[in-house]
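**Student:** My questions are about this predicted structure, shown below with the sequence.
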Amino acid sequence: AQTVTQSQPEMSVQEAETVTLSCTYDTSESNYYLFWYKQPPSRQMILVIRQEAYKQQNATENRFSVNFQKAAKSFSLKISDSQLGDTAMYFCAFYSGYALNFGKGTSLLVTP
Amino acid sequence: NAGVTQTPKFRVLKTGQSMTLLCAQDMNHEYMYWYRQDPGMGLRLIHYSVGEGTTAKGEVPDGYNVSRLKKQNFLLGLESAAPSQTSVYFCASTDSHLQGWEQYFGPGTRLTVT
C-alpha cells in the first residue's frame, strides 16, 4: 500500500515570504500522479498543483511550484510571495490507480 | 454546472439511528468516491465506484454501505450510527479522460453522532 507522509503538522510564514511544505511517499509503481490540495476554513478541497511522475520537469502554477525528486520519493510544495489567503490546511496526495491516498496535512498560517 | 453536490451539509444522529448521504455530480464522471476526514488523519477512503452499478471497499469501509444505481449519484449509508462515525464526509468524482485523474470534491457533510 502506498503511504504519504507530511512531517510538518503546522507551519507559519509572514506575508510576502516563501515557505516550503514537505511530502514524502512510498510506492513501488513507476507511473503515478501526485497532488497538493488546499483546504481553507470553508472546508472545500481545492486542487493547488499536480505532477505526473513520468515528467521530469517540476510543475508550476503561478506562485505555487513543486520540487519533485522521484528517486527520493519526495514532493515538496513551495509557495512564493505568501498571501493571507494562503492560510489553510495543505494535503499531499498520491494517486494509486483507483483513489487518492492523502497525507495527514500541514496547517499553514500566513501572518501579516 | 454545479459540479459535485452533497446532501445534507450537516446532520446530528443518535447512536443506532440510520441515514443516507447523497452525492451527485453533473460532469458525467465514471469514478466516484466517499472519504471521511478526522482531525489529524487527513482524508481516508471509505468506498468507491468505477462505474454505474459497481462499488468497492476502501481503507475504512466498516459500518458503511454504498450504492451507485445511477451514474450521477453515489449514496453512502450508515445503518446503525456509532459515535466513532462522527466525522466530515467528502464525496469526489473523476474520470479517466481527465488529465492526471484530478478529483473534484463536494463541499462536505459534517456528521455528529451522539
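**Tutor:** Yes, it's here.

**Student:** so for stretch B:10-25, what's the average pLDDT?
**Tutor:** Per-region confidence: stretch B:10-25 scores 97 on mean pLDDT.

**Student:** nope, stretch A:14-33 is what I meant
**Tutor:** 93.

**Student:** which bits of chain A sit near chain B?
**Tutor:** A:4, A:9, A:33, A:35, A:43-45, A:47, A:50, A:52, A:91, A:95, A:98-105 (Cβ under 8 Å from any Cβ of the partner chain). All C-beta atoms are positioned from the backbone trio N, CA, C, and that covers glycine.

**Student:** What helix or strand is A:Met89 located in?
**Tutor:** strand A:88-95 (DSSP states H and E).

**Student:** Contacts for the helix or strand following that strand, please.
**Tutor:** Where DSSP H and E defines the elements, the next helix or strand beyond strand A:88-95 is strand A:100-102. When contacts are defined by Cβ atoms under 8 Å, 6 or more residues apart in numbering or on different chains, strand A:100-102 is touched by residues A:1-4, A:25, A:35, A:37, A:91-95, B:33, B:35, B:42-45, B:92, B:103.

**Student:** Would you list the buried entries among those residues?
**Tutor:** A:4, A:25, A:35, A:37, A:91-95, B:33, B:35, B:42-45, B:92, B:103 (16 or more other Cβ atoms under 10 Å in any protein chain shown).

**Student:** and the most centrally placed residue in chain A, what does it touch?
**Tutor:** With distances taken as Cα atoms, centre = their mean, A:Trp36 lies nearest the centre of chain A, 3.5 Å away. A:Trp36 makes contacts with A:21, A:23, A:47-49, A:64, A:66, A:75, A:77, A:90-93, as judged by Cβ under 8 Å, 6+ apart.

**Student:** Ok, A:Asn67 next?
**Tutor:** So A:Asn67 contacts A:20, A:58, A:74-76, A:78 (Cβ under 8 Å, 6+ apart).

**Student:** List just the nearest of those to B:Tyr64.
**Tutor:** Closest to B:Tyr64 out of the contacts of A:Asn67 is A:Phe75 (30.1 Å), distances taken as Cβ to Cβ.

**Student:** My impression was that the closest one belongs to a helix - is that right?
**Tutor:** No: read with DSSP: H, G, I helix; E, B strand; the rest coil, A:Phe75 is strand and lies in no helix.

**Student:** which stretches of the chain form strands?
**Tutor:** With no chain named, the answer covers chain A. Here chain A has its strands, by DSSP state E, at A:3-5, A:10-14, A:19-21, A:24-26, A:33-39, A:46-52, A:60-61, A:64-69, A:74-79, A:88-95, A:100-102, A:106-111.

**Student:** Please refer instead to chain B.
**Tutor:** Under DSSP E, chain B gives strands at B:4-7, B:10-13, B:19-25, B:31-38, B:42-49, B:56-57, B:65-67, B:73-78, B:87-94, B:104-105, B:109-113.
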